[in-house]
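Enquirer: Fold the following and give me the result.
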Amino acid sequence: MKRIAVVASGRGSNFQAIIDAIRDGKVPAECIALITDNPKAYAIDRARRAKIPCSIVDYATFPSREVYERALLASMHEADADLFVLAGYMRILGASIVRAFPGKMINIHPALLPSFTGLHAQRQAVQHGVKVAGCTVHFVDESLDGGPIILQKCVPVLGADDEDALAERILEQEHIVFPEAIRLFCEDRLVIEGRKVRIL
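Expert: The predicted model follows:
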């Protein structure tokens, strides 16, 4: 059974979806750690309720990003996970961290990549007037939201949608597709071939 660690910054709704999927036997994994940069993250409460160890690496307490990332990297090594799941982690990981765990980190992004990378993807979708938005699970590399894509889920953009309404409907799909991607990883069914992922 694979050991997974979740890295999160906020309320942790995707973290909860992962916890629930593991509990219900849908994902053959053990969640062995939550790592967060935010001591006020609601994800911490979720971890405590699920009795998952939590490591708080508070960004605000470090003198520089470089020092923070050394501490984060140490926490990740200590977790000794087979897979690190970025579930609402709101910082860009430095190259030293990405290179330390090749093929062992996945992220979810609220857009159909390669469209609308970076922050406020839902707002970008509404502003550009697209008819279809969605979410993407991808492996993490040194690019911005550019790693090999594992799974995507489409969400229609409705005429009355604003950023918040679209974000809520995309989040509902994230809660489905993220555990599914983790399941595929845990079953050793994902093969990275250059910039693409083949599902066995």
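Enquirer: all contacts plus neighbour counts: C-alpha atoms, from now on.
Expert: Will do.
Enquirer: which SSE is the closest residue to Ala50 other than its chain neighbours in?
Expert: Of all residues not flanking Ala50 in the chain, Ile19 sits nearest, at 7.6 Å (C-alpha to C-alpha, 6 or more residues apart in numbering). Under the criterion of DSSP states H and E, Ile19 resides in helix 13-23.
Enquirer: before we move on, what SS does the residue nearest to Ser55 when sequence neighbours are not counted have?
Expert: Spatial nearest neighbour of Ser55, excluding adjacent residues (C-alpha to C-alpha, 6+ apart): Ile35 at 4.8 Å. Judged by DSSP: H, G, I helix; E, B strand; the rest coil, the three-state class of Ile35 is strand.
Enquirer: If Ile35 is in a bridge, with which residues?
Expert: Val7, Ser55 (DSSP bridges).
Enquirer: Val191 touches Val197, doesn't it?
Expert: Yes: taking contacts as C-alpha atoms under 8 Å, Val191 lies within contact range of Val197: 5.5 Å.
Enquirer: what's the neighbour count on the residue nearest to Phe15 when sequence neighbours are not counted?
Expert: Leaving aside its sequence neighbours, Phe15 sits nearest to Ala87 (C-alpha to C-alpha, 6+ apart; 6.2 Å). As a burial measure, Ala87 scores 25 neighbours (other C-alpha atoms under 10 Å).
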